[in-house]
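Student: could you look at this predicted model? Sequence included:
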Amino acid sequence: MSQLQFDYIPLEELDLWVKAIRQGDRPRQVLGLTLFDGSESSRRHPSETLETRAWPQVALPTLGDARTTWVEVWSVPADIGPVVHGETAGVSHVSSADLVFAWLTKPLMGPDVALELATQHAYDAVFHALAELGYPHPLRFWNYLPDILGANQGEERYRLFNKGRHASFAQHAPAIQNSPPAACALGHPEGLAGPLTVYVIASRQPVQPIENPRQISAYRYPPDYGPRSPTFSRAAVAQLGQEDALFISGTASIVGHETVHVGNVQAQTEETLNNIEAVLNRMALARRGKPWRTTDLRFKAYVRHAADLHAVREVILRRLGPSVSCHYLHAVVCRPDLLVEIEATCATSH
């Protein structure tokens, strides 16, 4: 039984699915969940599972499926003991024996420059909560914010976000300086507002960061991309009991530190998959084990222009096969010339 498992479930099927995993032959319990495109649809499809807690909701619409609202669910075995719900320093969390799912939503008000401080305060609160709970090692962060490429006050909002995140990481570096987590940062589609949403899965043990030999590490980017580099590893591997959990960060069409195939969404998708395969191969070398196959992974693809969905999906299906598990979301990637970003996750026994 997987120590950590995640699934994408249509909102209207969520309650039945949760009931099924709780009552199955090998019962599981929900560690965390995130609702995508949920504000209006969640009212049309009320859910007992959602009503029990103010789970994170992200304004990224699903693409290519009539069931437009989906829920990303993380679960753990029931036999490890009950999960515990709580709140620390404004950070909500659900913890199991070895893992915690924690989240925070922070309204963004005032000028763009306030985003830097809001981000720092959000991350400070998350790190404080993780330390107090005894899970000081983040495995994977997700970040979603509106107008990620806006620059109304002269500096791009993603760069302001990176400055705030970097300041918090620098303050909490002793816990994570040798094992930066995987991460992504995406913007809401144009015109969709909402808070800064940060959620994380963390552990009692540090992760093993994995870098991509085809790319410069994000935290070593030159100042062309802002005064503070993004703070994450290309992938992170966590040992959970007898299993390895793999988290591949948001990955795009970048070689070295530069965007390639500008304006060509199909070529960018191909290059993105090349980068994911390079990370998988590097992980196998680092751990001296069999590499994960792309068929072992669950993917999430962020598509900047909804009209590009068909082209992106065609490349993914051709490269990874018709049975690939990939969920498509409408989102703005963190560089103006990037049209698609893909992340992946897998937990499997080794």
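Tutor: Here it is on my side, so go on.

Student: so where's the stretch 1-150 of the chain shaky on pLDDT?
Tutor: 1, 38-46, 52 (pLDDT under 70).

Student: where do the strands sit along it?
Tutor: In the stretch 1-150 of the chain, strands defined by DSSP state E, counting those that start in this stretch lie at 5-10, 28-36, 57-58, 70-77, 84-88, 91-95, 99-106, 137-145, listed in chain order.

Student: in stretch 165-172, what counts as buried?
Tutor: Buried residues in stretch 165-172, counted by 16 or more other CB atoms under 10 Å: 165-169, 172. Placement of C-beta: from N, CA and C, glycine included.

Student: let me fix that, I meant to ask about stretch 321-328.
Tutor: Across stretch 321-328, burial judged by 16+ other CB under 10 Å covers 326-328.

Student: which ones among the residues you listed are found in strands?
Tutor: Of the buried residues of stretch 321-328, the ones assigned to strands by DSSP state E are 326-328.

Student: and residue 318, how many residues sit next to it?
Tutor: 12 (other CB atoms under 10 Å).

Student: how about residue 9?
Tutor: Residue 9: 18 surrounding residues under other CB under 10 Å.

Student: distance of it from residue 36?
Tutor: Per CB to CB, to the nearest Å, residue 9 is found 11 Å from residue 36.

Student: including distance to residue 20, could the strands of the stretch 1-150 of the chain go into TSV?
Tutor: TSV is the format used below for these (distance: least, CB to CB, whole Å):
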stretch	distance to residue 20
strand 5-10	10
strand 28-36	9
strand 57-58	23
strand 70-77	11
strand 84-88	21
strand 91-95	19
strand 99-106	20
strand 137-145	26
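
Student: quick one: which of those strands is nearest residue 64?
Tutor: Closest of these to residue 64 is strand 70-77, at 11.2 Å (criterion: CB to CB).

Student: now for that closest one, which elements pack on it?
Tutor: Strand 70-77 sits against strand 5-10, helix 14-23, strand 28-36, with contacts defined as 3 or more CB pairs under 8 Å, 6 or more residues apart in numbering; DSSP states H and E.

Student: show me what counts as buried in the first one.
Tutor: Across strand 5-10, burial judged by 16+ other CB under 10 Å covers 5-6, 8-10.

Student: walk me through which strands it pairs with, and which way each runs.
Tutor: strand 70-77 (antiparallel) (DSSP bridges).

Student: and the strand it pairs with with strand 91-95, angle?
Tutor: With axes from the mean of the first three to the mean of the last three CA atoms, to 10 degrees applied, the angle from strand 70-77 to strand 91-95 works out at 50 degrees.

Student: angle of strand 70-77 against helix 14-23?
Tutor: Using the same axes, to 10 degrees: strand 70-77 against helix 14-23 is 10 degrees.
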